[in-house]
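1. Got a sequence here, can you model it:
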Amino acid sequence: MQHVAYTYTLEVGGYSAFGMLYFATDLVAAHQSFRVPMHLDAPEARGTRQSATFRCRPAPRVVTLGGDVMRAAPSLLVCCGCMTASSTATLEQEAVTPEVKRERAALIRDSAAEMGVHNAALLGGIATSETNFAHCWSEATFACMGPASPSCGGEPIIAGSADGPCANEQGGLGMFQFDAGTYAQTVATYTDAVLTVEGNTAQAVAFVVDKAMLDIAGVTDWRSAVAWINSVPLVAGDPLTEEWADLIACRYNGCCSGSATCTTRGDKYRDNAIDLHAELGADFWRTSDRCTALPADGVIDQRSECYLAGGEPRFWRREAGGFGDDHESTNTTAAQAPSNFAQWFLRPTRATAYRLEAHLQGGEATAATYEILHAGETSTVTIDQAATDGFVLLGEFELAADGSEYVLLGDNTGTAGQQLVFDALRVTPLDGEGPGGGGGGGGGCTTGHSSTGAIAFVLLAVLRRRRRPR
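-> Here you go, the predicted structure:
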């Protein structure tokens with residue numbers, strides 16, 4: 001019997017798949033695509049089930065078994081499909097373009113910044129390692145088809161293909177590969193926001209912050225976890241960088257033994273972050289200075305550059321109403337420490353006294369407690385949100401304009417289950433000289449970046465079997 005025969009090599013993210021395929025010519029004539037097994041040249045991946053889709057191109061060269069075999073050039077990143085004597089076929093899929101990769105890197109950068117993380121290339125290293133920035137199945141068609149995603153035009157999201165047959169509907173979902181069991185269980189755990197590229201990204205930020213709180217010495221809450229992540233230098237061999245690599249290998253990849261295999265996995269997350277930072281440049285990733293001055297009108301709105309939303313993304317709700325017909329809320333808790341909180345950064349350009357007012361509408365929290373750091377002192381003001389509508393006075397405070405001052409509101413009011421509203425904060429100088437800022441309008445502070453898709457609430461890669469983020 002005559003066969004189409006060729007070798008292939010697939011190299012992605014530090015792993016390679018290789019082998020030799022034979023297709024009977026009558027099979028080639030009858031079918032235009034094939035799902036074939038892949039052998040992984042990685043010790044920890046051997047024995048796992050991998051596959052890729054191969055599509056035939058016209059006029060394949062036909063040889064007999066034992067005859068001359070056409071070989072793909074070993075330097076090819078992807079070599080698959082039937083081949084002619086003079087040309088090489090490639091996987092027919094909509095791979096992530098440089099433009100889409102940059103857009104998603106910007107989303108990671110801006111989403112992380114909204115949550116206080118200014119070292120977002122570390123998150124980009126995870127996205128590179130997990131899916132090479134693919135979010136939709138059309139961008140990596142050898143993976144499994146997940147549920148429909150609004151970010152994919154209603155088409156399937158990418159789903160991990162290493163957790164058994166695709167028909168089992170198991171495996172990680174989306175760019176950051178979140179997995180709580182079956183697809184339905186993952187959506188139930190993380191809400192359907194995880195199917196969007198924005199929600200998937202926000203969940204990844206929250207995941208690494210949470211794991212830093214669990215594993216890193218001296219990290220006790222969201223703000224100290226964020227401070228630790230922001231302190232990690234993108235330098236291989238630096239103790240903090242190696243601690244980050246170990247954390248992600250363990251908590252994201254399930255490889256916690258400290259073995260050579262786990263070290264290799266951690267190194268991949270680390271090196272992908274370093275390479276991505278160098279590829280897009282320090283200016284692209286810089287967000288630590290995104291809030292430099294008060295807005296020109298003195299109003300700091302939620303989700304602007306001078307506002308931080310900390311905590312689990314699943315618990316935030318974006319709603320109509322309030323200042324600019326847009327505010328957000330979460331439910332209160334009786335816990336000692338906040339689960340979700342917001343921080344408005346006060347960046348006046350001169351030291352003087354200021355009036356601080358919070359815009360409130362539709363709240364139910366009867367004891368919303370605002371913490372105000374001003375001129376080295378901390379004051380607290382408790383407001384009954386259920387009894388207010390519009391701007392309500394928090395007080396008049398001296399501000400030192402030293403870059404450290406803020407207003408903070410947490411969900412730990414002492415009473416559980418009430419709707420706590422977060423909206424605009426108005427800052428007005430009392431010296432009669434106009435707003436104490438020089439930023440642009442629109443309720444935000446100046447920034448050098450333009451977000452292509454800031455956070456909403458809510459491979460090409462060879463996906464290998466491992467414990468998923470949990």
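
2. List phi and psi for the most centrally placed residue in the chain.
-> With distances taken as CA atoms, centre = their mean, the residue of the chain nearest its centroid is T201 (2.5 Å). In terms of degrees, to the nearest 10, the main-chain angles of T201 are phi -70, psi -50.

3. what residues are up against it?
-> Neighbour list for T201: R104, L107, I108, S111, L123, M175, F176, I455 [criterion: CB atoms under 8 Å, 6 or more residues apart in numbering]. In short, each C-beta sits where N, CA and C put it, glycine included.

4. Can you list the low-confidence ranges for the protein?
-> 1-94, 435-470 (pLDDT under 70).

5. try it again with 50
-> For the chain, the stretches flagged by pLDDT under 50 are 1-93, 439-468, 470.

6. That one - how does it break down into domains?
-> Domain assignment of the chain by automatic domain parsing yields the ranges 1-92, 99-285, 299-429.

7. is it possible to export those domains to TSV including distance to A293?
-> Output for the domains of the chain, formatted as TSV (distance: least, CB to CB, whole Å):
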stretch	distance to A293
domain 1-92	41
domain 99-285	17
domain 299-429	5
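
8. Any idea which of those domains gets closest to C291?
-> Between C291 and the domains of the chain, the tightest spacing by CB to CB is seen for domain 299-429, at 4.0 Å.

9. Show me where the stretch 151-300 of the chain has its helices.
-> Secondary structure of the stretch 151-300 of the chain (DSSP state H, counting those that start in this stretch): helices located at 183-190, 197-215, 222-230, 239-251, 260-280, 282-285.

10. Just say which of these is most tucked in.
-> Counting by mean count of other CB atoms under 10 Å, helix 197-215 has the highest mean neighbour count of the helices of the stretch 151-300 of the chain, with a mean of 22.

11. Just give the nearest non-adjacent residue to C256, would you?
-> C250 (3.8 Å; CB to CB, 6 or more residues apart in numbering).

12. about what we covered before: mind putting the contacts of T201 in JSON lines, distance to E169 and secondary structure included?
-> Output for these, formatted as JSON lines (distance: CB to CB, whole Å; DSSP: H, G, I helix; E, B strand; the rest coil):
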{"residue": "R104", "distance to E169": "25", "secondary structure": "helix"}
{"residue": "L107", "distance to E169": "26", "secondary structure": "helix"}
{"residue": "I108", "distance to E169": "27", "secondary structure": "helix"}
{"residue": "S111", "distance to E169": "27", "secondary structure": "helix"}
{"residue": "L123", "distance to E169": "27", "secondary structure": "helix"}
{"residue": "M175", "distance to E169": "19", "secondary structure": "coil"}
{"residue": "F176", "distance to E169": "18", "secondary structure": "coil"}
{"residue": "I455", "distance to E169": "27", "secondary structure": "coil"}
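
13. May I see the PyMOL selection of the buried members of these?
-> Listed next is the PyMOL selection for buried residues among the contacts of T201, using 16 or more other CB atoms under 10 Å:
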select buried, resi 104+107+108+111+123+175+176+455
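
14. Sort out which one of the contacts of T201 lies nearest T131 for me.
-> M175 (5.3 Å).

15. I'd say that closest one and T131 touch.
-> Yes. Assessed by CB atoms under 8 Å, M175 is found in contact with T131 at 5.3 Å.

16. Name the residues contacting each of those two.
-> I158.

17. thinking again about what came up before, let me know which of the helices of the stretch 151-300 of the chain is the nearest to V392.
-> helix 222-230 (25.6 Å).

18. which residues sit against the closest one?
-> For helix 222-230, the external contacting residues (CB under 8 Å, 6+ apart) are 115-119, 122, 208-210, 212-213, 216, 218-219, 244, 288, 310-311, 338, 341.

19. Inside strands: which ones of the residues you listed?
-> Using DSSP state E, the members of the contacts of helix 222-230 that fall within strands are G310, F341.

20. Point me to the helix or strand that includes L373.
-> strand 368-374 (DSSP states H and E).

21. Contacts made by that strand with the rest, please.
-> 346, 356, 358, 378-385, 394-395, 397-400, 404-410, 413, 420.

22. Pull out the buried members of those.
-> So, by 16+ other CB under 10 Å, the buried ones in the contacts of strand 368-374 are 346, 356, 358, 381, 383, 385, 394, 397, 399-400, 405-410, 413, 420.

23. Wait, T382 touches A365, no?
-> No. In this structure, T382 is not within contact of A365 by CB under 8 Å, at 9.8 Å.

24. List the contacts of the closest residue to M145 other than its chain neighbours.
-> Distance criterion CB to CB, 6+ apart; nearest residue to M145, sequence neighbours excluded, is P156 at 3.8 Å. By CB under 8 Å, 6+ apart, P156 lies in contact with C136, W137, S138, M145, G146, P147, A148, S149.

25. how about JSON lines for these, with distance to T330 added?
-> Putting these into JSON lines (distance: CB to CB, whole Å) gives the following:
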{"residue": "C136", "distance to T330": "30"}
{"residue": "W137", "distance to T330": "33"}
{"residue": "S138", "distance to T330": "35"}
{"residue": "M145", "distance to T330": "33"}
{"residue": "G146", "distance to T330": "28"}
{"residue": "P147", "distance to T330": "26"}
{"residue": "A148", "distance to T330": "28"}
{"residue": "S149", "distance to T330": "25"}
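
26. when you check those against the helices, which ones overlap?
-> Assignment to helices by DSSP state H places none of the contacts of P156 there.

27. Can you tell me which of those lies closest to C262?
-> G146 (27.6 Å).

28. check contacts around the closest one.
-> W137, P156, I157, I158, A159, G171, L173, G174, Y183, L195.

29. Please apply the same query to A375.
-> Applying CB under 8 Å, 6+ apart, the residues contacting A375 are A351, F397, E398, L399, A400, E405.

30. now swap in S404 and tell me
-> Per CB under 8 Å, 6+ apart, neighbours of S404: L373.

31. and the gap between it and F397?
-> Using CB to CB, to the nearest Å, S404 is found at 13 Å from F397.

32. repeat for R318
-> 29 Å.

33. T415 now?
-> Taking CB to CB, one finds T415 at 27 Å from F397.

34. one step back: between the contacts of A375, which sits nearest D431?
-> Nearest member of the contacts of A375 to D431, counting by CB to CB, is A351, at 9.9 Å.

35. For the closest one, give its distance to Y183.
-> Applying CB to CB to A351 and Y183 gives a distance of 55 Å.

36. got the phi/psi numbers for T415?
-> Dihedral angles (degrees, to the nearest 10) for T415: phi -130, psi 130.

37. before we move on, back to that, looking at the domains of the chain, which is closest to T292?
-> Across those, T292 has its closest neighbour in domain 299-429 (6.2 Å, CB to CB).

38. Regarding the closest one, how distant is the last residue from the first?
-> Its first and final residues considered, domain 299-429 spans 12 Å by CA to CA, to the nearest Å.
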